[in-house]
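# Need coordinates for the below:
(4 chains)
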2 protein chains.
Amino acid sequence: MPETKTIRVILADDHQLVRAGLRSLLQSIDNVQVLAECSNGHETLERVEALRPDVLLLDITMPGLNGLEVARRVPKLSPATQVLVLSMHAGPEYVAQALRAGVAGYLIKDSAVEELRVALDALAAGRPYLSPAISQTVLRGYLRTGKAPADAGAELGKLTARQREILQLLAEGHGTRDIAERLQLSAKTVESHRSQLMDRLHIHDVPGLVRFAIRVGLVSADLS
Amino acid sequence: MPETKTIRVILADDHQLVRAGLRSLLQSIDNVQVLAECSNGHETLERVEALRPDVLLLDITMPGLNGLEVARRVPKLSPATQVLVLSMHAGPEYVAQALRAGVAGYLIKDSAVEELRVALDALAAGRPYLSPAISQTVLRGYLRTGKAPADAGAELGKLTARQREILQLLAEGHGTRDIAERLQLSAKTVESHRSQLMDRLHIHDVPGLVRFAIRVGLVSADLS
DNA sequence: TTCGGTCTAGGGGAATTCCCTAGTCCGTTC
DNA sequence: GAACGGACTAGGGAATTCCCCTAGACCGAA
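Predicted coordinates:
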């Protein structure tokens, strides 16, 4: 079926050049009309309320008022507006946060142009849209836990105290034997904990654990 | 004077959507011709060597082979090519790193389209270009310290190109065997590089390397 | 040409990790 | 109060990686 109806879009991204690029891209899609561009959260909310777009294409990382925060407030100002989040991150914690904020679509910045078109059509028709790359991840989380995967901070809460303790020491650069001595444990026990916490976080390499620990603030990147 | 000469550009950015947007934007500038798009470091180097563009428009954050690393290698492959870095960050440490890597231009993603045009013209004419927003910052840094803001990035300069490449892959979570396959090397060679770069950095554990890599911006803590 | 630095890679032993199993303790539930 | 599940502990054995040393090829600089 041909899309006869025009999709009215507001574009919000704090990077002017990226925004201009996206606008140029959107304008090349025939049934899309760009109503406005916004560069910060508050401006976005004003425009949404005034113009009532069909879709708000929204970057998450914006200064002042976060993209997610914007998404949470949109329904009150313009109930018919569907929010399509544009994010750099495919991690389940980011996706989950966005979904909790009530967004109808989640598109990774590393997506094909065709995906953008499909997503816009879906949202305009009232259907949700998730980037294929991430929907698997999220779906796996749903199936396993029966609910949305939590964000990074919450992931940390899923670990036991012992596991957090060992994760931190690990991320600080202490080896298995070292940790075992500090905690008066067998090296084998420390291995068990590491293995178990890796399973819980679904991270199975040490660098990944270190990045996670930094992300959730368990350790800082600038230790000696 | 009218710009009669066409500026031949290669566009490198790992986010497909952003890339498409920029391409669309570039194509709307009349004296610019986009020769190719690249999504990773090695591909970029190949294309640069093969196509010898006037300007390489280069995003810094790319997986596998860092944008700065790409910039460092460009002159050997195509001496006439000017590198125009596209970065989210205006901080002096980022700018300084880029300048040390030999880039001719530094453009913040939050720039006006007109700036992109001006920057391309400048580089094509052999003149350097810095976003006005950052040149103040850098200048202030110079004035205050009397020298380039060295900081963490300087340590990174102590490593060879190969070592930086392997450090990045390591910090991204790739194992020794994995890295060896990607770079078409023996696992033993990768071990050698790791060992040598550890010596140079005086960091002798993987978590420490990961934190270092994050600190200097070689990798981000929030990879999926 | 010589020299130093880089990139490559192997040998061999030490150390660590991975996968599996399993006992103890403790709080919750039926 | 007995059963159950989760947390914490730990070992065996195989696989993998790490560590230290050596060394050839190559290249640019002195």
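# Where does chain A get nearest to DNA strand D, residue-wise?
residue A:160 (3.0 Å; C-beta to the nearest atom of the strand). The C-beta positions use only the backbone N, C-alpha and C, and glycine is treated the same way.
# So residue A:25, which state does it fall into?
helix (DSSP: H, G, I helix; E, B strand; the rest coil).
# mind listing the strands for chain A?
Counting by DSSP state E, one finds strands in chain A at the ranges A:7-12, A:32-38, A:55-59, A:82-87, A:105-108, A:129-130.
# Output the fifth one as PDB, nothing but the C-alphas.
Once non-C-alpha atoms are left out, strand A:105-108 reads as follows in PDB (Å, rounded to 0.1, in the frame of the first residue of the first chain):
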ATOM      1  CA  GLY A 105      10.900   3.200  18.700                       C
ATOM      2  CA  TYR A 106      14.600   2.800  19.200                       C
ATOM      3  CA  LEU A 107      17.000   3.200  16.300                       C
ATOM      4  CA  ILE A 108      20.700   2.700  16.500                       C
END
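# for that strand, packing partners?
When contacts are defined as 3 or more C-beta pairs under 8 Å, 6 or more residues apart in numbering or on different chains; DSSP states H and E, strand A:105-108 sits against strand A:82-87, helix A:92-100, helix A:113-124, strand A:129-130, helix A:132-145.
# where does chain A dip in pLDDT?
For chain A, applying pLDDT under 70 flags the ranges A:1-4, A:62-66, A:69, A:90-97, A:99-101, A:127-128, A:132-157, A:217, A:222-224.
# How is chain A partitioned into domains?
For chain A, automatic domain parsing gives the domain ranges A:7-143, A:152-215.
# Out of those, which one sits most buried?
domain A:7-143 (a mean of 20; mean count of other C-beta atoms under 10 Å in any protein chain shown).
# Just give the nearest non-adjacent residue to residue A:16, would you?
Spatial nearest neighbour of residue A:16, excluding adjacent residues (C-beta to C-beta, 6 or more residues apart in numbering or on different chains): residue B:110 at 5.0 Å.
# Distance check, the one you found against residue A:88.
Applying C-beta to C-beta, to the nearest Å, the value for residue B:110 to residue A:88 is 15 Å.
# Same check on residue A:168?
Taking C-beta to C-beta, one finds residue A:168 at 27 Å from residue A:88.
# With adjacent residues omitted, what lies nearest to whichever residue of chain A sits closest to chain B?
Chain B sits closest to residue A:21 of chain A, with a gap of 2.6 Å, by C-beta to the nearest C-beta. Nearest residue to residue A:21 in three dimensions, chain neighbours excluded: residue B:21, at 2.6 Å (C-beta to C-beta, 6+ apart).
# Correct me if wrong: the one you found contacts residue A:16.
No: look at residue B:21 against residue A:16 with C-beta atoms under 8 Å: they stay out of range, at 11.9 Å.
# Residue of chain A nearest DNA strand C, please.
Nearest residue of chain A to DNA strand C (C-beta to the nearest atom of the strand) works out as residue A:176 at 3.4 Å.
# what's that residue in contact with, if anything?
Residues near residue A:176 by C-beta atoms under 8 Å, 6 or more residues apart in numbering or on different chains: A:187, A:190-191, A:194.
# if we go to 7 Å?
Contacts for residue A:176 were tallied using C-beta atoms under 7 Å, 6 or more residues apart in numbering or on different chains; they are A:187, A:190-191.
# still on that earlier bit, tell me which of the strands of chain A sits nearest to residue B:64.
strand A:105-108 (17.5 Å; C-beta to C-beta).
# Tell me the strands beside that closest one, with direction?
In the sheet containing strand A:105-108, its partner strands are strand A:82-87 (parallel), strand A:129-130 (parallel), by DSSP bridges.
# I'd like to know which of those strands is closest to residue B:101.
Going by C-beta to C-beta, the one of the strands paired with strand A:105-108 nearest residue B:101 is strand A:82-87, 27.9 Å.
# Just give me how far that closest one sits from the chain centre.
Relative to its parent chain, strand A:82-87 has a centroid offset of 10 Å by C-alpha atoms, centre = their mean, to the nearest Å.
# Show me which residues of chain A are close to chain B?
A:14-18, A:20-22, A:24-25, A:28, A:88-91, A:109-113, A:116, A:170-173, A:175, A:205-208, A:210-211, A:214-215, A:221-223 (C-beta under 7 Å from any C-beta of the partner chain).
# Filter those down to the ones in helices?
Residues from the residues of chain A next to chain B lying in helices, with DSSP state H as the criterion: A:16-18, A:20-22, A:24-25, A:113, A:116, A:170-171, A:206-208, A:210-211, A:214-215.
# Spell out which parts of chain A neighbour DNA strand D.
Within chain A, the positions lying close to DNA strand D (C-beta under 7 Å from any atom of the strand) are A:160-163, A:183, A:185-186, A:188-189, A:191-193, A:196.
# Including distance to residue B:58, could these go into a markdown table?
Below are the residues of chain A next to DNA strand D laid out as a markdown table (distance: C-beta to C-beta, whole Å):
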| residue | distance to residue B:58 |
| --- | --- |
| A:160 | 45 |
| A:161 | 45 |
| A:162 | 45 |
| A:163 | 41 |
| A:183 | 47 |
| A:185 | 48 |
| A:186 | 50 |
| A:188 | 48 |
| A:189 | 48 |
| A:191 | 43 |
| A:192 | 45 |
| A:193 | 43 |
| A:196 | 42 |
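# Tell me which two of these sit farthest apart.
Top of the distance list for these (C-beta to C-beta): A:161 and A:188, 19.6 Å.
# Show me what the residue nearest to residue A:119 when sequence neighbours are not counted is bridged to.
Leaving aside its chain neighbours, residue A:119 sits nearest to residue A:129 (4.3 Å; criterion: C-beta to C-beta, 6+ apart). As for beta bridges, residue A:129 partners with residue A:105 under DSSP bridges.
# can you name the farthest residue from the center of chain A?
Residue farthest from the centre of chain A, counting by C-alpha atoms, centre = their mean, is residue A:184 at 39.1 Å.
# Report the contact partners of the nearest residue to residue A:163 once chain neighbours are set aside.
Of all residues beyond its chain neighbours, the one nearest residue A:163 is residue A:197 (4.1 Å), with distances taken as C-beta to C-beta, 6+ apart. By C-beta under 7 Å, 6+ apart, residue A:197 lies in contact with A:159, A:163, A:166-167.
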